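Engineer: fold the stuff below for me.
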Amino acid sequence: MDCSTKNNKSLYYYYLQTFILLYYTTTFSAATTTCHSGDKAALLAFKAGITDDPSGLLSTWNSSTNCCSAWEGVSCHLTTGRVVNLSRPGLSSGPDSITDTSMSGTISPALGRLTALRVLDLSSLKQLSGQIPPSLGRLSKLTVLFLFSNNLTGPIPQTLRNLKHLQRLLLDSNQLSGEIPFSLFTSSSPMTDLTLNQNQLSGVIPNSIGHLTALKRLDIHSNNFSGSIPNSIGNLQQLTYLDFSENQISGVLPASIGRLVNLQLLYLNDNFLNGNIPSSISGLASLQFFRLSNNQLTEEIPASIGELKQLQRVTFENNKLNGKLPSSLGGLTSLTEIYLSGNQLTGRIPSSLGGLSSLQTLDLSSNKLSGPLPHSLTKLKNLQELYLSFNPLQLVTIPDWLIDMKLFKLMLAGTGIKGQLPVKLLSTASSTSSLDLSSNELTGELPHWIGEMSGLSFLNLSNNGFHSRIPEEFKNLTLLMDLDLHNNAFSGELRPVLAKRTSDPLGHYNSLDLSCNQFTGGIDEDIGELPAMDTLESLVLSDNPLGGNIPVSLKKMENLRVVAMAKNGLTGDVPAGVLDIASLTEFDVPDNRLTGEIPAHTARVPAAGFRGNPGLCGNPLPPCRR
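Structural biologist: Numbering: from 1, shown residues only. Below you'll find the model as predicted:
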């Protein structure tokens, strides 16, 4: 399972539920069984605690019928009439569809009287609130407890330690708080699935977690856990899925982690882990997805990573890893993605990476890697995305062989490229979607052939030395959605950029930064009516001698969040309605020659956004003189 597992969590649970419910329904339900009176009363008490049931999940539950045969979601033992299965999830399946519904209310403590219960599934009801009743600890035969995707609060009851037969405990996606009860994990526990992720749980990970030797899936991501990863984690040798990400876990990676020989997914990202990556990771023979990003890990990536022959994705970005890239990476022929950006890696890119025949994404940006680039990268026939930005590669020119690879995304910002844009780029006209050549020493004109790069959706040429008008052919970039040309010496009018064509529904701008150039001729009055501008969120035009007025049509751009027009030589007033754009969070027009009263508005714009316009007055500036 890869990171899409998180996004498809509902599907995972759906199949799990379907299997369990089918098993218990066929094994225990019988039309002739009479419901146990005490169990029936407990179920009606639960129904009484439900305040809203929009889809009628409990509509068949009434005192005049047999709960074993007539109540949906209830199954009983064949001979005793005791309720063994209570399943009313918000996500359920029918013959031809999956129904997604909700239920409001609380979980009645009366459910603790269903002492023959084996399956309790009240998952994905969204609005089910209140605490988990401690009385559930009396359900000594329970094997499955699903309460995920609700609005439950409070602690995990200590009493759940009494559930000696519990195999699957899924409490994720609630608002549970407090610590994990240390006594929850016993050496005889048969638990195979434990998910506590996406709650507000805190404290340390109990060392007793190592007692759960049957555990296959352990997910506690997106909580507030602190402390270190216990050494006992190495006891969980049946684990296939381990996710401790997005917590506040510190300390070092225990060497015992290398004993998890069946582990396929290991996510420890977004914590405060330090120290080195232990060489014992060589024992993770089944590992496919390995994520350690956004920690404080140091030292070299151990050469023993080359032992992980099943590895498909390595995500170690934003740490403090240093030293050279191990050449042993080149032997991991199953790798499809490598993310190592934001570290302190040095030396050359090893030529052995050319052996990664399955590689689709290679991100080595923001390190200290030096050139030249190994020609062996041409062997990467499946490579689609290459990120090398902000490394002292001193490329001078983009190698022809690199252009010939026709990459979907090519990011070479800050890599020492000089001179004019190579005409060779035309060969990638339709294949290249994202091109970043910013923060280099490119000069000369923006060539007319740029309009033939029809596949571009992202283009960043900022922080270079371009000095020309924008060619009319620029309008042919019908897929372009994000453009950054700031800090060059572009001149002439904005029209070729603003009025470019679209290929509906694509090609409508998300962001546009043309600041710190020499554009003139004002801001087009019809800017808010141009097709490419209708979904724009960020418009940055500051530090250009544009002149003219703020266009009234700007108010038609309903998605604008950021407007930056400082030092543009603007005159006239601030048009009514512009400051009422619902999504607007930044309106920055200082150091212009604007005059008049700022119109009444709903946006919370600080006074600093209007400074340096002596003729302006009104909220948030001082009141106008009458």
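Engineer: who's Val314 bridged to?
Structural biologist: Beta-bridge pairing for Val314 (DSSP bridges): Phe290, Ile338.
Engineer: ok, Asn295 to Tyr267 distance?
Structural biologist: Relative to Tyr267, Asn295 is positioned 12 Å away (criterion: CB to CB, to the nearest Å). C-beta: built from backbone N, CA, C; applies to glycine.
Engineer: same question, Ser439
Structural biologist: Taking CB to CB as the measure, Ser439 falls 32 Å from Tyr267.
Engineer: re earlier: of Asn295 and Tyr267, give the one with the bigger neighbour count.
Structural biologist: Applying other CB atoms under 10 Å to Asn295 and Tyr267 shows that Asn295 carries more neighbours, namely 25 against 22.
Engineer: quick check: nearest residue in space to the more buried one, chain neighbours excluded?
Structural biologist: Excluding its sequence neighbours, the residue lying closest to Asn295 (CB to CB, 6 or more residues apart in numbering) is Leu273, at 4.1 Å.
Engineer: so that neighbour makes contact with Pro254?
Structural biologist: No - between Leu273 and Pro254 no contact is recorded; they are 10.5 Å apart, counting by CB atoms under 8 Å.
Engineer: between those two, what contacts are shared?
Structural biologist: Between them, Leu273 and Pro254 share the neighbouring residues Ile229, with contact defined by CB atoms under 8 Å, 6 or more residues apart in numbering.
Engineer: more neighbours, these two?
Structural biologist: When Leu273 is set against Pro254 and neighbours are counted by other CB under 10 Å, the residue ahead is Leu273, at 22 against 17.
Engineer: quick one: that one is in a helix?
Structural biologist: No - Leu273 is assigned strand when assessed by DSSP: H, G, I helix; E, B strand; the rest coil, not a helix.
Engineer: and stretch 336-353, what's buried?
Structural biologist: Within stretch 336-353, the residues that count as buried by 16 or more other CB atoms under 10 Å are 336-343, 345-346, 349-350, 352-353.
Engineer: tell me which of the residues you listed fall in strands.
Structural biologist: Members of the buried residues of stretch 336-353 lying in strands (criterion: DSSP state E): 337-339, 345-346.
Engineer: between the residues you listed, which sits nearest Asp100?
Structural biologist: Asp100 has its nearest neighbour among those in Glu337, at 31.6 Å by CB to CB.
Engineer: so who does the closest one touch?
Structural biologist: Taking CB under 8 Å, 6+ apart as the criterion, Glu337 is in contact with 312-315, 359-361.
Engineer: among those residues, who's most crowded?
Structural biologist: The member of those that has the most neighbours, counting by other CB under 10 Å, is Leu359 with 26 neighbours.
Engineer: distance of that one relative to Ile338?
Structural biologist: Looking at Leu359 against Ile338, where the rule is CB to CB, the gap reads 7 Å.
Engineer: overlap of the contact sets of those two?
Structural biologist: For the pair Leu359 and Ile338, no residue contacts each of them under the criterion CB under 8 Å, 6+ apart.
Engineer: now do the helix or strand encompassing Leu266, average pLDDT.
Structural biologist: When elements are defined using DSSP states H and E, Leu266 is found to belong to strand 265-267. Confidence over strand 265-267, taken as the mean pLDDT, stands at 98.
Engineer: roughly how far is it from the heart of the chain?
Structural biologist: 15 Å (CA atoms, centre = their mean, to the nearest Å).
Engineer: from what I see, Leu139 and Leu160 are in contact.
Structural biologist: No - here Leu139 lies out of contact with Leu160, judged by CB under 8 Å, at a distance of 9.3 Å.
Engineer: what residues does Glu445 make contact with?
Structural biologist: Residues counted as contacts of Glu445 (CB under 8 Å, 6+ apart) are 420, 466-468.
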